[in-house]
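Participant: coordinates for the following, if possible.
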Amino acid sequence: MPFSEAKTHRALIVDSAHPNGLVLSHWRGAATPAEVRDDTSAAIVLNALRLDLPGLELSYVTANHFDIDGFVGVWSLLNPEKALENEELLRQMALIGDFRELDLNHPLAGEALKLVCWLNARERDMFYAPFAADDMEESEAKLCVQKFTYFLREFGRVLQDPDWEKPVWEEEVADVLLGYRDMYKPDTKLERHPGIGLIVVHTHKPLHYYALFSRTIGFDIVLSCYDDNRYELEYKYTTWVDIASRATLPRISLAPLARKLNELEQSGHTWTADGITETGPLLRLDGTGLSRMEAFDNPTSREIHSSSIPVEELKQIVIAFYKEAYAGVQPKRFWTWEEVKELNRRYK
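Facilitator: Numbers count the residues shown, from 1 in each chain. Next comes the predicted model:
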């Protein structure tokens with residue numbers, strides 16, 4: 001049912017938050033039962049189905065937005081037997097779609113990628129891109145109903161054999177696989193800094209997110225360094241939600257880091273930073289010109305300007321910033337937004 005009706009009908013609340021029902025969501029602070037907590041909302045739903053969690057008998061299912069993780073959760077509740085038959089495949093879909101963490105070492109990741117890219121293509125071509133509702137008259141909570149209606153009807157058929165829809169997904173899958181190959185070439189270099197949750201990726205050009213983040217599993221901050229001194233620093237979505245599999249560090253405001261870089265920048269461009277409550281905050285040159293839809297889209301779809309700051313200097317500034325910011329802060333599970341904001345009151 002549409003999310004607006006949760007006020008009057010108790011429901012299973014997927015990948016969202018609402019007091020009138022059973023919440024199955026990885027959103028930070030969501031009232032998800034402890035025994036089914038997991039990294040993605042779809043995994044939480046699958047855990048609940050496997051445990052036959054009390055409350056699943058509710059007659060309605062809802063979500064306040066459409067994305068792959070939420071859709072997989074909603075579909076699974078409406079098709080519980082098929083969902084449990086395809087449990088690992090659906091879990092992989094949610095990880096790829098939400099965290100953009102593609103791991104082709106998993107035997108079902110290739111099939112999951114096809115399904116994710118089918119959803120992406122159909123969503124974009126038949127409806128509207130993620131976050132495009134920001135510029136529309138009606139809210140995402142209302143507009144997403146049309147997406148759910150279509151995909152709940154069609155997904156079971158495509159799940160049975162994704163190759164039936166190959167013309168729809170093959171272009172994006174090919175793009176991802178080419179980028180994935182680039183991430184494993186000898187001239188792509190990774191520098192891991194686990195104490196601050198940062199991974200530095202040196203690769204020649206921007207890549208599809210599913211490729212770029214394929215080697216960032218276990219890290220929450222990604223500094224991408226491309227040829228010609230082009231950079232983007234990004235908090236992954238893993239620090240917007242409550243993930244259960246590991247402890248994390250809280251997000252730190254990027255504004256002081258942007259100011260520090262602007263003191264050095266001589267390219268004529270300006271370093272800008274998104275707020276910490278955005279789903280995937282970016283620090284980049286001239287980032288304020290991006291809409292949320294453009295920021296969510298792949299790095300290959302946006303212009304990334306060249307900086308005057310040499311790569312080694314920029315890396316050292318970023319690493320030093322986080323080491324100082326996280327001094328005395330211990331990783332933990334399930335930070336509250338109030339705890340994150342309290343820590344950030346010194347970073348104005």
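
Participant: now do the helices in the protein.
Facilitator: 41-51, 68-78, 80-85, 87-94, 109-126, 140-160, 166-183, 209-212, 255-264, 292-296, 311-325, 337-343 (DSSP state H).

Participant: tell me which of these sits nearest to residue 19.
Facilitator: helix 140-160 (15.8 Å; CB to CB). Where C-beta positions appear, they are placed from N, C-alpha and C, glycine not excepted.

Participant: which parts of this structure belong to which domain?
Facilitator: 3-176, 184-346 (automatic domain parsing).

Participant: before we move on, the earlier item: residue 236 is nearest to which of the helices of the chain?
Facilitator: Using CB to CB, the helices of the chain put helix 209-212 closest to residue 236, at 9.8 Å.

Participant: the closest one packs against which elements?
Facilitator: Applying 3 or more CB pairs under 8 Å, 6 or more residues apart in numbering; DSSP states H and E, we find helix 209-212 packed against helix 166-183.

Participant: any buried residues in the helix it packs on, and which?
Facilitator: 168, 169, 172, 173, 175, 176, 177, 179, 180, 182, 183 (16 or more other CB atoms under 10 Å).

Participant: kindly report the same for stretch 215-224.
Facilitator: Within stretch 215-224, the residues that count as buried by 16+ other CB under 10 Å are 215, 216, 219, 220, 221, 222, 223, 224.

Participant: again, but for stretch 280-294
Facilitator: 280, 281, 282, 283, 284, 285, 287, 290, 292.

Participant: state the pair within those that is farthest apart.
Facilitator: Most distant of the buried residues of stretch 280-294, by CB to CB, are 285 and 292, 18.2 Å apart.

Participant: pull out the buried residues from stretch 311-319.
Facilitator: Buried, per 16+ other CB under 10 Å, within stretch 311-319: 311, 314, 315, 318, 319.

Participant: quick one: it to chain centroid distance?
Facilitator: Chain-centre distance of stretch 311-319: 25 Å, with CA atoms, centre = their mean, to the nearest Å.

Participant: with stretch 48-56 instead?
Facilitator: 26 Å.

Participant: stretch 103-116 now?
Facilitator: The answer for stretch 103-116 is 17 Å, by CA atoms, centre = their mean.

Participant: want to throw the buried residues of stretch 280-294 into JSON lines with pLDDT?
Facilitator: Compiled in JSON lines, the buried residues of stretch 280-294 are given as follows (pLDDT from 0 to 100):
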{"residue": "280", "pLDDT": "96"}
{"residue": "281", "pLDDT": "96"}
{"residue": "282", "pLDDT": "98"}
{"residue": "283", "pLDDT": "98"}
{"residue": "284", "pLDDT": "98"}
{"residue": "285", "pLDDT": "98"}
{"residue": "287", "pLDDT": "90"}
{"residue": "290", "pLDDT": "92"}
{"residue": "292", "pLDDT": "92"}
